[in-house]
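Colleague: Quick one, structure for this:
(one chain, ligands or ions: 1)
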Amino acid sequence: MKKKIEVGVLGATGMVGQSFVKFLEGHPWFELTWVGASDRSAGKKYAEATSWRLDGSMPERIAGLTVTDCKPGKSAPKLVFSAMDASVATEIEREFAQAGHFVVSNSKNHRMEEDVPLLVPEINPDHLRLLAAQKKRGWKGAIATNPNCSTVALTMGLAPMKPFGIEKIIATTMQAISGAGYPGVPSMDIMGNVIPFIGGEEGKMEIETQKIMGEFAGDHIEPLPAKMSAHCNRVPVVDGHMVTVSVALREKVTLKDLLHAYETYTSVPQKKKLPSAPGKPVLYMHEENRPQPRRDAGRENGMSVTVGRLRHCPVLDYKFVCLSHNTIRGAAGAAVLNAELMYSDGLLD
Ligand code: NAP
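Modeller: Now for the predicted structure:
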């Protein structure tokens, strides 16, 4: 049993910030005591500054907290989660890390910096060793990040295949509207429709996948040397990003052996029994028409990635479908799991 530590959320009033507030409620290791946002909200009670847009009501204890502006220093806890607007996250997250805070960020701003871990705890827990390289910046704290929401689904779906040598990936997404924040895509555009463009998403998915599945090399990550092509589409689904994937593998492997790899896949967060780790991080579904966003995105508290329809691909070697909850496993839940791994490794001391 770990001692509870105080944590804060930068950008706590926004959509992702609210997901953090909800996800951290009742957390056994982390106690949310500090909420930060812009000058517009600072000084107000959280309930006053926030238009609560999630299911269920705002946690009562948090409703009464006073929102602070996002300045590092005495009042903010050592561990802060970041859900800030991307236009301000670069500088503010840096200032917090410099001042000795550990920033576990959901924003895209620092993900691709050479000494910043882009973590999926099941796949690359050793990438946390990059935090030591951040000391060269003169920071007393550090920044760790989680991937873009669609990349989490893809990389977790690929994880059991990694030992067989991934050489080529073609991934096509069907992404939920909640991934675009609030108010997001106008209803007139998305109802009964599919939008075959999400700004910046395909490039992010390609380079983030290569970094996440790459190898730790001292002060940087050697990217996975796989060719990757992403097609990203917005579809009229509320929660849950689905990805159909074709993969070429270096090793010859039978479908039976590959299925076994999926069914038995487990990793560090499960062995360490981290509080937010799903029992089955990759849940293989044998039904021919699963997974489906409405039915499966919420499995294991939204932290399990569901996979199905693994079969031969006539163009590459194998193909399958995977799905994850974009605002939980793809955002707040991912960052909290990252922080749990850091805490259990003694990296927040
Ligand atoms: P959002 O609803 O617009 O919230 C933005 C938050 O940033 C608010 O708390 C806002 O505070 C705060 N903020 C704005 N300007 C600030 C400043 N100058 N100083 C300090 N705080 C400031 O955005 P969101 O949809 O939650 O997204 C937040 C981040 O997560 C973005 O970087 C986004 O790309 C990323 N992301 C979003 C999703 C998603 O599903 N929406 C998924 C993955 C990643 P005020 O309320 O005071 O303005």
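
Colleague: Tell me who's in contact with the residue of the stretch 101-250 of the chain found nearest the ligand.
Modeller: Nearest residue of the stretch 101-250 of the chain to the ligand (C-beta to the nearest ligand atom) works out as G181 at 3.0 Å. Where you see a C-beta, it was placed from the backbone N, CA and C, and this is true even at glycine. Listed by C-beta atoms under 8 Å, 6 or more residues apart in numbering, the contact set of G181 reads G14, M15, V16.

Colleague: go with 6 Å
Modeller: Applying C-beta atoms under 6 Å, 6 or more residues apart in numbering, we find G181 in contact with M15.

Colleague: Could I get the phi/psi values of it?
Modeller: Backbone dihedrals for G181, given as degrees, to the nearest 10, come out at phi 70, psi -170.

Colleague: Using the three-state scheme, assign E287.
Modeller: coil (DSSP: H, G, I helix; E, B strand; the rest coil).

Colleague: out of everything not next to it in sequence, what's closest to it?
Modeller: G308 (7.0 Å; C-beta to C-beta, 6 or more residues apart in numbering).

Colleague: Does the one you found touch E288 like I think?
Modeller: No - under the criterion of C-beta atoms under 6 Å, G308 makes no contact with E288, lying 7.9 Å away.

Colleague: Which of the two has more residues huddled nearby?
Modeller: G308 (22 against 7; other C-beta atoms under 10 Å).

Colleague: Look up the residues forming beta bridges with that one.
Modeller: M285, V321 (DSSP bridges).

Colleague: In contact with it, which residues are there?
Modeller: G308 makes contact with M285, R290, P291, V321, according to C-beta under 6 Å, 6+ apart.

Colleague: swap the cut-off to 7 Å and go again
Modeller: Neighbouring residues of G308 by C-beta atoms under 7 Å, 6 or more residues apart in numbering: Y284, M285, E287, R290, P291, F320, V321.

Colleague: Identify the farthest-apart pair in those.
Modeller: E287 and F320 (13.5 Å; C-beta to C-beta).

Colleague: Which one of those two is surrounded by more residues?
Modeller: Comparing E287 with F320 by other C-beta under 10 Å, the one with more neighbours is F320, at 22 against 10.

Colleague: how much space between the more buried one and L258?
Modeller: 9 Å (C-beta to C-beta, to the nearest Å).

Colleague: try R137
Modeller: Distance from R137 to L258, by C-beta to C-beta: 42 Å.

Colleague: swap in A99?
Modeller: 47 Å.

Colleague: And S75, by the same measure?
Modeller: When distance is defined by C-beta to C-beta, S75 is 51 Å away from L258.

Colleague: for the stretch 1-150 of the chain, what spans make up the strands?
Modeller: With strands called from DSSP state E, counting those that start in this stretch, the stretch 1-150 of the chain shows them at 5-10, 30-37, 67-69, 79-82, 102-105, 142-145.

Colleague: mind listing what the fifth one pairs with, with the direction of each?
Modeller: It stands for strand 102-105. By DSSP bridges, strand 102-105 pairs with strand 79-82 (parallel), strand 142-145 (parallel).

Colleague: Reformat the ones you listed as CSV; add mean neighbour count, mean pLDDT and distance to the ligand.
Modeller: Shown next, in CSV, are the strands paired with strand 102-105 (neighbours: other C-beta atoms under 10 Å; pLDDT from 0 to 100; distance: least, C-beta to the nearest ligand atom, whole Å):
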stretch, mean neighbour count, mean pLDDT, distance to the ligand
strand 79-82, 27, 98, 8
strand 142-145, 26, 98, 10
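
Colleague: circling back to that earlier point, of S75 and L258, who's got more company?
Modeller: Ranked by neighbour count (other C-beta under 10 Å), S75 and L258 place L258 first, with 20 against 12.

Colleague: isn't there a helix covering that one?
Modeller: Yes - the assignment for L258 by three-state DSSP puts it in a helix.

Colleague: one step back: select, out of the strands of the stretch 1-150 of the chain, the one closest to V243.
Modeller: Checking the strands of the stretch 1-150 of the chain against V243 by C-beta to C-beta gives strand 142-145 as the closest, at 20.2 Å.

Colleague: Please state the offset of that closest one from the chain centre?
Modeller: 13 Å (C-alpha atoms, centre = their mean, to the nearest Å).

Colleague: Outside of it itself, list whatever touches it.
Modeller: 93, 97, 102-105, 110-111, 116-119, 128, 131, 134, 338, 342.

Colleague: can you map out the helices along the protein?
Modeller: Taking DSSP state H, the helices of the chain run over residues 15-24, 46-49, 60-63, 86-98, 149-158, 187-190, 201-212, 255-263, 268-271, 293-296, 299-302, 333-344.

Colleague: any chance of those in JSON lines, plus distance to K4 and mean pLDDT?
Modeller: Converted to JSON lines, these look like this (distance: least, C-beta to C-beta, whole Å; pLDDT from 0 to 100):
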{"stretch": "helix 15-24", "distance to K4": "11", "mean pLDDT": "96"}
{"stretch": "helix 46-49", "distance to K4": "20", "mean pLDDT": "98"}
{"stretch": "helix 60-63", "distance to K4": "14", "mean pLDDT": "97"}
{"stretch": "helix 86-98", "distance to K4": "21", "mean pLDDT": "97"}
{"stretch": "helix 149-158", "distance to K4": "27", "mean pLDDT": "98"}
{"stretch": "helix 187-190", "distance to K4": "41", "mean pLDDT": "97"}
{"stretch": "helix 201-212", "distance to K4": "30", "mean pLDDT": "98"}
{"stretch": "helix 255-263", "distance to K4": "36", "mean pLDDT": "98"}
{"stretch": "helix 268-271", "distance to K4": "19", "mean pLDDT": "98"}
{"stretch": "helix 293-296", "distance to K4": "32", "mean pLDDT": "98"}
{"stretch": "helix 299-302", "distance to K4": "20", "mean pLDDT": "97"}
{"stretch": "helix 333-344", "distance to K4": "11", "mean pLDDT": "98"}
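
Colleague: Noted, bye for now.
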